[in-house]
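In: need a 3D model of the following:
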Amino acid sequence: MLKEKLLELSKSFPERFVEEKDGTLKLEFKVAERKVFLTKKTLTYRARLRIDEPGKTVRFHETLKETGMGLSTGDVETTPGIGFKAERYKLTGKEREGTIEELSKLFGREYKYTFDFSTVREKIKQAAEEAGYTFSTVLLERNL
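Out: Below you'll find the model as predicted:
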């Protein structure tokens, strides 16, 4: 079955798929985290998919979310240091491809990360198509 294949495939990701109560598979992991003084920022990747066995389809949704919390006197990105953030992406239908990179120097410490968020989607799509399933990306998670 495709579900077992995807669960096995997720061993190559930073975290594994977890089966939810509603039958969907969910994958969530922290891409990067930065803690400076009283501030914390986290970049999280989340993907969910639903496998429709009778219809031989896979519906997929993914998000890349940055959250922050804490106290500061002014903009933490510019006040105590300098920062640079660049996103390169291409939009193809409902799918966004590319990478996110960030290099920041805060209080003399450098933080750098690169994450190609389309890699997870492409591996799942390939596995689904090899198993004879149709793969589609949905814009809203509730449409899974």
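
In: find the least confident helix or strand in this structure, judged by mean pLDDT.
Out: The helix or strand of the chain with the lowest confidence, counting by mean pLDDT, DSSP states H and E, is strand 81-92 at a mean of 48.

In: tell me the centre residue of this structure?
Out: Y45 (2.4 Å; Cα atoms, centre = their mean).

In: I'd assumed F117 was in contact with that residue.
Out: Yes: Y45 lies in contact with F117 (Cβ atoms under 8 Å); the separation is 6.1 Å. Yep, even glycine has a C-beta here, placed from its N, CA and C like the rest.

In: now the common contact residues for these two.
Out: Common contacts of Y45 and F117, defined by Cβ atoms under 8 Å, 6 or more residues apart in numbering, comprise E62, L64.

In: and Q126, that's in a helix?
Out: Yes: if the criterion is DSSP: H, G, I helix; E, B strand; the rest coil, then Q126 is within a helix.

In: contacting residues for it?
Out: By Cβ under 8 Å, 6+ apart, no residues touch Q126.

In: what does G70 give?
Out: G70 makes contacts with F37, L38, T39, K40, V76, as judged by Cβ under 8 Å, 6+ apart.

In: specify the beta-bridge partners of K30.
Out: For K30, the beta-bridge partners under DSSP bridges are T44.

In: that one: neighbour count?
Out: 11 (other Cβ atoms under 10 Å).

In: do F60 as well
Out: Look at F60: counted by other Cβ under 10 Å, it has 22 neighbours.

In: of all the residues in the helix or strand containing it, which ones are buried?
Out: F60 belongs to strand 57-70 when elements are defined using DSSP states H and E. Of the residues in strand 57-70, V58, R59, F60, H61, E62 count as buried by neighbour count, 16 or more other Cβ atoms under 10 Å.

In: if anything else comes up later, I'll come back, but that's it for now.
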